[in-house]
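>>> Sequence unavailable; structure follows:
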Ligand SMILES: Nc1ncnc2c1ncn2[C@@H]1O[C@H](COP(=O)(O)OP(=O)(O)O)[C@@H](O)[C@H]1O
Ligand SMILES: N[C@@H](CC(=O)OP(=O)(O)O)C(=O)O
């Protein structure tokens with residue numbers, strides 16, 4: 001069986017939904033499970049809606065109307081006015097209406113997941129209904145009953161045993177009868193609340209399902225020809241990799257290559273399932289295959305750019321040397337606040353860490369660090385990682401910028417730039 005993943009860019013409008021069905025039609029006769037993300041930039045819009053509802057940042061109803069309008073416009077281009085899919089979509093959106101009727105009482109991350117998840121629930125309803133229209137026999141599946149997580153909202157941790165059992169129990173039989181359409185990015189807790197797996201987590205969903213079912217391969221359909229040595233939106237003259245090893249792909253995504261979610265590769269490597277990254281507008285193109293036993297000579301370095309970085313400098317209040325017990329306390333606070341360290345350095349008197357700016361988490365981290373340490377920070381920075389770097393590439397990347405931190409080893413160079 002095959003697992004396909006279609007991201008937001010592939011279903012950003014009615015043409016995208018039609019194209020998705022055309023791609024799927026090329027695989028008629030194969031057992032196929034299709035994972036779909038929210039349409040276009042819907043997750044960003046739902047994040048805005050959550051911020052408006054919880055923090056009063058904007059007009060909740062106005063933002064919600066725009067989200068509904070966007071989806072109803074796509075629906076009107078695909079279906080006749082009285083198609084049952086209109087009610088399915090309305091019944092899904094109503095969950096948000098119920099939530100925003102009351103004042104927000106719950107934790108931000110919990111509310112975020114209950115609201116933001118609606119994007120995938122709606123997009124899969126639309127894709128599934130369009131399959132019906134096109135004569136593709138399909139079944140809509142609520143992934144929250146199959147991918148079981150703990151209650152770490154916004155970063156659900158998968159309970160692999162429970163997930164494997166649920167997926168293996170039902171899905172193989174369903175796949176014998178029709179294409180299965182399900183949501184990326186979502187999971188469910190044991191109390192039946194919705195979790196999300198981290199932004200851009202739909203690739204990971206495809207990988208979880210494929211690994212539980214021992215799929216032949218996973219294909220993520222993208223708006224790029226495959227995996228390139230750098231993001232083509234930032235760099236000209238990129239080159240495509242025909243093949244990559246699991247190891248290289250893990251390193252690239254770990255450092256922030258946003259083309260694939262970082263958690264995607266490992267489960268596939270463990271089960272020896274190849275990951276294909278292919279362009280959804282050119283389904284016959286070879287794309288990039290990530291698999292075992294690939295060695296390549298990197299003609300150009302791999303460049304990974306991460307924006308919205310913060311460089312934190314932490315010292316002891318009595319100006320004593322930074323000791324192991326200080327570090328242990330600092331890392332305890334990073335872990336407690338779910339803040340990931342991208343690069344770090346210690347000197348005699350301070351510990352410096354480059355982290356992603358996730359505003360709500362950062363504020364909490366800062367407050368707790370300040371109870372025991374002196375903290376300074378610089379925000380709005382960029383972290384650039386070069387894999388298989390050379391001095392020329394490293395110099396080029398830093399031209400006209402101030403380097404606030406630099407770290408190199410044999411394979412990888414990292415610079416934090418202002
Ligand atoms: N090394 C890279 N190779 C290809 N694309 C990259 C790379 N790094 C970043 N990207 C970006 O990833 C985007 C595709 O990923 P993404 O937007 O997550 O897809 P989707 O949400 O549709 O699954 C591309 O449009 C490109 O701008
Ligand atoms: N919709 C979610 C999950 C996801 O993976 O989306 P995409 O496949 O469009 O990156 C997000 O935007 O984070």
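Cool, the structure landed. As the structure is a computational prediction, the values presented were derived from the model and not from experiment. Numbering: from 1, shown residues only. Ligands and ions are numbered 1, 2, ... in the order given.

>>> Can you name the residues of the protein sitting close to ligand 2?
7-8, 37-38, 43, 119, 184-185, 199-202 (C-beta under 6 Å from any ligand atom). Placement of C-beta: from N, CA and C, glycine included.

>>> In the chain, which residue sits closest to ligand 1?
In the chain, no residue comes nearer to ligand 1 than residue 7, which is 2.1 Å away by C-beta to the nearest ligand atom.

>>> who touches the nearest residue to that residue once chain neighbours are set aside in this structure?
Distance criterion C-beta to C-beta, 6 or more residues apart in numbering; nearest residue to residue 7, sequence neighbours excluded, is residue 37 at 4.7 Å. Applying C-beta atoms under 8 Å, 6 or more residues apart in numbering to residue 37 gives the contacts 5-8, 11, 43, 119-120, 123, 184-185, 202.

>>> again, but for residue 251
By C-beta under 8 Å, 6+ apart, the contact list for residue 251 reads 387, 412.

>>> try 10 Å
Going by C-beta atoms under 10 Å, 6 or more residues apart in numbering, residue 251 touches 244-245, 257, 262, 265, 302, 304, 385, 387, 411-412.

>>> Any of the residues you listed buried? List them.
When the contacts of residue 251 are checked for burial by 16 or more other C-beta atoms under 10 Å, the buried set is 244-245, 257, 262, 265, 302, 304, 385, 387, 412.

>>> tell me the least confident of these?
Least confident of these in the model: residue 262, at 91.

>>> hang on, isn't that one packed against residue 197?
No. In this structure residue 262 lies outside contact range of residue 197 using C-beta atoms under 10 Å: 11.2 Å.

>>> Okay, and which of the contacts of residue 251 map to strands?
Using DSSP state E, the subset of the contacts of residue 251 located in strands is 244-245, 302, 304, 385, 387, 412.

>>> Among those, list the two that are farthest apart in space.
Largest separation among the ones in strands among the contacts of residue 251 by C-beta to C-beta: 245 and 385, giving 17.6 Å.

>>> Could you export the ones in strands among the contacts of residue 251 as JSON lines, including distance to residue 281?
Below are those laid out as JSON lines (distance: C-beta to C-beta, whole Å):
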{"residue": "244", "distance to residue 281": "21"}
{"residue": "245", "distance to residue 281": "27"}
{"residue": "302", "distance to residue 281": "24"}
{"residue": "304", "distance to residue 281": "25"}
{"residue": "385", "distance to residue 281": "29"}
{"residue": "387", "distance to residue 281": "28"}
{"residue": "412", "distance to residue 281": "33"}
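
>>> Out of those residues, which comes closest to residue 348?
Nearest to residue 348, judged by C-beta to C-beta, of the ones in strands among the contacts of residue 251 is residue 412 at 25.5 Å.

>>> which residue sits closest to that closest one, ignoring its sequence neighbours?
In space, residue 412 is closest to residue 387, 5.5 Å off (C-beta to C-beta, 6+ apart).

>>> what do you get for residue 397?
Counting by C-beta to C-beta, 6+ apart, residue 384 is the residue found nearest to residue 397 once chain neighbours are left out, at 5.3 Å.

>>> Tell me what that neighbour is bridged to.
Per DSSP bridges, the residues bridged to residue 384 are residue 305, residue 415.

>>> residues touching it, list them.
With contact taken as C-beta under 10 Å, 6+ apart, residue 384 is in contact with 255-256, 303-306, 309, 394, 397-398, 401, 403, 413-417.

>>> Please report how far it lies from ligand 2.
For residue 384, the distance to ligand 2 equals 22 Å [C-beta to the nearest ligand atom, to the nearest Å].

>>> ok, now residue 306?
In terms of C-beta to the nearest ligand atom, residue 306 sits 16 Å off from ligand 2.

>>> tell me which of the ones in strands among the contacts of residue 251 is nearest to ligand 2?
Proximity of the ones in strands among the contacts of residue 251 to ligand 2, judged by C-beta to the nearest ligand atom, is greatest for residue 304, which lies at 16.4 Å.

>>> these two touch, right, the closest one and residue 260?
No. If you go by C-beta under 10 Å, residue 304 and residue 260 don't touch, sitting 11.7 Å apart.

>>> Give me the common contacts of those two.
Common neighbours of residue 304 and residue 260 (C-beta under 10 Å, 6+ apart) are 252-253.

>>> Next to ligand 1 in this structure, residues from the protein, please.
Neighbours of ligand 1 within the chain, by C-beta under 6 Å from any ligand atom: 7-10, 37, 200, 222-224, 227-228, 230-233, 257-259.

>>> again, only using 8 Å
Contacts of the chain with ligand 1, taken as C-beta under 8 Å from any ligand atom, map to 5-10, 37, 200, 202-203, 220-224, 226-234, 238, 240, 252, 257-261, 277, 302-304.

>>> Can you go through those and name the buried ones?
Of the members of these, the ones counted as buried by neighbours, 16+ other C-beta under 10 Å, are 5-10, 37, 200, 202-203, 220-224, 226-231, 238, 240, 252, 257, 259-261, 277, 302-304.

>>> ok, back up a step: let me have the buried ones among the contacts of residue 251 in CSV, extended by distance to residue 295.
Formatted as CSV, the buried ones among the contacts of residue 251 follow (distance: C-beta to C-beta, whole Å):
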residue, distance to residue 295
244, 10
245, 7
257, 19
262, 22
265, 17
302, 15
304, 21
385, 21
387, 14
412, 17
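
>>> how about the helices of the stretch 251-400 of the chain, start to end?
Secondary structure of the stretch 251-400 of the chain by DSSP state H, counting those that start in this stretch: the helices cover 265-270, 324-336, 359-370, 391-398.

>>> just the stretch 101-250 of the chain next, same as before
108-116, 118-133, 160-177, 202-213, 246-254.
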